[in-house]
Every structure is written in C-alpha cells, then in structure tokens.
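Peer 1: Below are the sequence and a predicted model for it; my questions follow.
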Amino acid sequence: MQKPLMPPAAPPALAERAERVAPFIVMDVMNQAAAIERRGGNVVHMEVGQPSAPTPASIRAAAARALEDGRIGYTQALGTDSLRARIARHYRAAYGVDVAAERVVVTTGSSGGFILAFLACFQPGARVAITAPGYPAYRNILIALGLEPVAIEVGPETRFALTPELIERAHRERPLAGVLTMSPANPTGVVMSPEAIADVAGACRRLGLWYISDEIYHGLTYEAPATTALSADPDAIIVNSFSKYYCMTGWRVGWLVVPERMVRTIERLQQNFSISVPYLSQVAGEAAFDATEECEAIKAGYAENRAFLLKALPEIGLGDFLPVDGAFYIYLDIGRYSNDSMAFCRSVLEEAQVAITPGLDFDEGRGARTVRLSFAGSLAECEEAVSRIGGWLKKR
C-alpha cells in the first residue's frame, strides 16, 4: 500500500542579507525606458553611466585577431602575465609610481574587484565608510557580503569628499575597518585634490584602516588630472577598470593593485569564483593602452557635452549642480520643482521621454531632491534632452 504523501513543508527562506540588497535604480530606469521604446517611443538616454561610443577599433581588432587564433581558454587566475605587466607600466607612465606586476590582479570589471577586495580585507560585520552621495553598488555589495556600509554625508564644505575629521568622527562612534573613496566621483563628478587624497590616506594609516580607492574614471577629467592613491600610500588598494575611459563596459575587465601580502588570498578567491577573467577581454585590455588617440577623441566629445550643459541647464532652471571636474555626470538639485526625485524622473521619462536617474540611488538620506544626468552620449542627444526637459518644465 502506497504511503500517503507528506504535506509540503514551507519553502526555504531566502538569505536575509540578500533580501536587504536594494535595487540598482538606474537599471530599473533603463528597463522602463526600454519599455517605452518597445511601444514606439523615442527616449534620450541620460540615465546609465555608459559611453555611447563604440570600443575603439584598435582594441576590437586585437580581440578579433585573438579569436581567429582559435584557442580561447582559461588564463592564470590573477590574469595574463603580459596584461599585468602592461598595467604596472601604466602606473609609471601616467603617475610616476612604481608598481610591481605581481601586485596587479585582473578582475571581471571593477565590480569583481570590489567583491574580491572586500572579502580579502574585512571580517563579517565589519564597518566600511563610504560617501553619501556615492555609487550605490558599494552599499549593496557590502550588504550582500554581510558587511556594514557606513554612509558619511558629504557636502560643499568639503567639496563632496571625505576628510580625516569625518572619518575619525565615524570611527569614534563605532570602529571602522576601512574607507572607500572615489575620484573622479559618481554621481558628483568631483575630483579629490592630491592633498585631500593624502589626508585620507594619512587618517587611514593612523587609525589602522584599509584604504580602498576607486579610480574607474581616471582619464576623464577636464581641469586637472586625477591622482592615484598610490601616490600617497603604496599600500592603498586600487580598483580600476577599462569600462569608462576605454569604452569597454561590456567586456567586463578591470584590475586591482593590492599590497603584496594580499595577492595569494585574492588569487585563491579568484580561482574559486571565476577561475579567470575571459581571455579575449584581457587581450582587448592590453591593447587599450595603445588606443589613447581614439580615447582622447571620445573624451573631447564629453568635454563638448559638458560645456554645453553647464551653460544650457541654468537657462532652463536647472542651475544648482555640483562641480563637474571629471567623469561624465551632472548631479542636480531639483528642490525648487520637487522633493520626490523618483516621481520627478518618472514624469520626465513618461512625458518628455528623457531618461535620468533619481538621486535616491546615490543618497538615501538626501537624494529625494537630486537627480543625475549622464553626458556620455552625443552633443545632439544632450541638446535634445535639454530642449525636451526645458519644454516639460515650462508646463509644470
């Protein structure tokens, strides 16, 4: 006789730390814009921080040649020897800093680099200081890994950058394990001065904290070049990527520079997480360092877009924005029009068909009155966006 089936148990619960991860709002905006386009709409995209220019031809050609060779296999977990050596040479040429190739780790974009660095540096529950406003994936990755992001509000009095005083105050309240800065910054575009970076590095050394510097927008500055944190602290952990300056977002290849004592730990993690970064992407990354002429021409387009927007946005009533030193973003205060940036961006998208990002993605406390515009597209797109938004504001 067949035994009766046991009643089904309740389904197992999802991990609490994963459930706490907030959506990356900009990606939701991109999905909403795509839905409008599927219905026949014509959206101007200023939401995603992604170059609209194609990957430079010389980079694509290098990858094509490698593909024709036929064998596309694993590489060493830390990356190919030639790419690691080329990245190390880049630090001498660009910053006058000596970096041993053995300290370079090739990663799956900066995102993969953050996961590796956070796991190598921090015990479960460790507190890591980040800025508000700041890149939302920092907060979400830290939470997903069982770490605690400590969002420190920054404002015009510090040019929207962390200072030793802010770090020390947070550390006194409850001890920190590390500090993460970004220069040029997303969403603000602010570039930290060499002195500001040295001050943060010094505070981290005094307090015994890890210092992680996100330098993904290096190369994209408009007044003065960016400074690597390695200039101030040879033990700083550097996160960078080929995504932005080299227009290689979809290739998913970046790098870390880490202290020598951390290399084997990172290698073990990478071996188990991904075995290695895709070979073709590494070939393309190595070729990218010889694509400066093409990359500088693309950057000149960003500079033209920036100059236009700095003049045109105030003319339509959107003149309250942060310094735009680098990257390709403008972070706007919309408080005179709305204290609900989600609703504001939704209306701009649906009624003006311009996709922009709510500030709540970057600042949970104050982002309800801010939005971010990306000017990584063409000048014609920037002009059309301003025209549409300006017309929409007049009707409010």
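Peer 2: Structure's in. What do you need?
Peer 1: For the rest of this, base every contact and every neighbour count on C-alpha atoms.
Peer 2: Fine.
Peer 1: Which parts of the stretch 1-150 of the chain are helices?
Peer 2: For the stretch 1-150 of the chain, the helices defined by DSSP state H, counting those that start in this stretch occupy 16-19, 25-38, 57-69, 81-95, 109-121, 136-144.
Peer 1: can you redo those as CSV with distance to E351?
Peer 2: Converted to CSV, those look like this (distance: least, CA to CA, whole Å):
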stretch, distance to E351
helix 16-19, 33
helix 25-38, 11
helix 57-69, 37
helix 81-95, 45
helix 109-121, 34
helix 136-144, 27
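Peer 1: so can I have TSV of these showing mean pLDDT?
Peer 2: What follows is the helices of the stretch 1-150 of the chain, written out as TSV (pLDDT from 0 to 100):
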stretch	mean pLDDT
helix 16-19	86
helix 25-38	90
helix 57-69	96
helix 81-95	98
helix 109-121	98
helix 136-144	95
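Peer 1: So which of the ones you listed is nearest K395?
Peer 2: helix 25-38 (21.4 Å; CA to CA).
Peer 1: Give the rounded mean pLDDT of the biggest helix by length in the chain.
Peer 2: If you go by DSSP state H, the chain has its longest helix at helix 292-315. Helix 292-315 shows a mean pLDDT of 97.
Peer 1: Report the inter-axis angle for it versus helix 57-69.
Peer 2: 130 degrees (axes from the mean of the first three to the mean of the last three CA atoms, to 10 degrees).
Peer 1: Just the buried residues of helix 292-315, please?
Peer 2: Of all the residues in helix 292-315, those buried under the rule 16 or more other CA atoms under 10 Å are 294-295, 298-299, 301-303, 305-306, 309-310, 312-313.
Peer 1: now for that helix, which elements pack on it?
Peer 2: helix 379-394 (3 or more CA pairs under 8 Å, 6 or more residues apart in numbering; DSSP states H and E).
Peer 1: where do the strands sit along the stretch 101-250 of the chain?
Peer 2: 104-107, 127-132, 148-153, 178-182, 210-214, 237-241 (DSSP state E, counting those that start in this stretch).
Peer 1: Contacts for the first one, please.
Peer 2: If I follow you right, that is strand 104-107. 78-79, 84, 87-88, 113, 253-258, 263, 276-277 (CA atoms under 8 Å, 6 or more residues apart in numbering).
Peer 1: Kindly recompute the last result at 7 Å.
Peer 2: 78-79, 84, 113, 253-258, 277 (CA atoms under 7 Å, 6 or more residues apart in numbering).
Peer 1: which of those residues lies closest to T370?
Peer 2: Lowest distance from T370 to the contacts of strand 104-107 (CA to CA) belongs to G113, with 28.7 Å.
Peer 1: What is the burial count for the closest residue to that closest one other than its chain neighbours?
Peer 2: Nearest residue to G113, sequence neighbours excluded (CA to CA, 6 or more residues apart in numbering): T107, at 5.4 Å. The number of residues packed near T107 is 29, by other CA atoms under 10 Å.
Peer 1: Please report the distance of T107 from D233.
Peer 2: Noted for T107: a distance of 22 Å to D233, by CA to CA, to the nearest Å.
Peer 1: same deal with G113?
Peer 2: Taken as CA to CA, the span from G113 to D233 is 19 Å.
Peer 1: same question, S213
Peer 2: 11 Å.
Peer 1: my guess is S213 contacts D235, does it?
Peer 2: No - S213 is beyond contact range of D235, at 10.8 Å (criterion: CA atoms under 7 Å).
Peer 1: So which of those two has more stuff around it?
Peer 2: Set S213 next to D235 and count neighbours by other CA under 10 Å: S213 wins out with 23 against 19.
Peer 1: Report pLDDT for the more buried one.
Peer 2: 98.
Peer 1: And it, how close does it get to V239?
Peer 2: Noted for S213: a distance of 6 Å to V239, by CA to CA.
Peer 1: Could you do I72 as well?
Peer 2: I72 is 26 Å from V239, by CA to CA.
Peer 1: Which other helices and strands does the helix or strand bottoming out on mean pLDDT in the chain contact?
Peer 2: One helix or strand of the chain scores below all others by mean pLDDT, DSSP states H and E: helix 16-19, with a mean of 86. Judged by 3 or more CA pairs under 7 Å, 6 or more residues apart in numbering; DSSP states H and E, the packing partners of helix 16-19 are helix 136-144.
Peer 1: State the pLDDT value of the closest residue to A161 other than its chain neighbours.
Peer 2: Leaving aside its chain neighbours, A161 sits nearest to V154 (6.0 Å; criterion: CA to CA, 6+ apart). Looking at V154, its pLDDT stands at 96.
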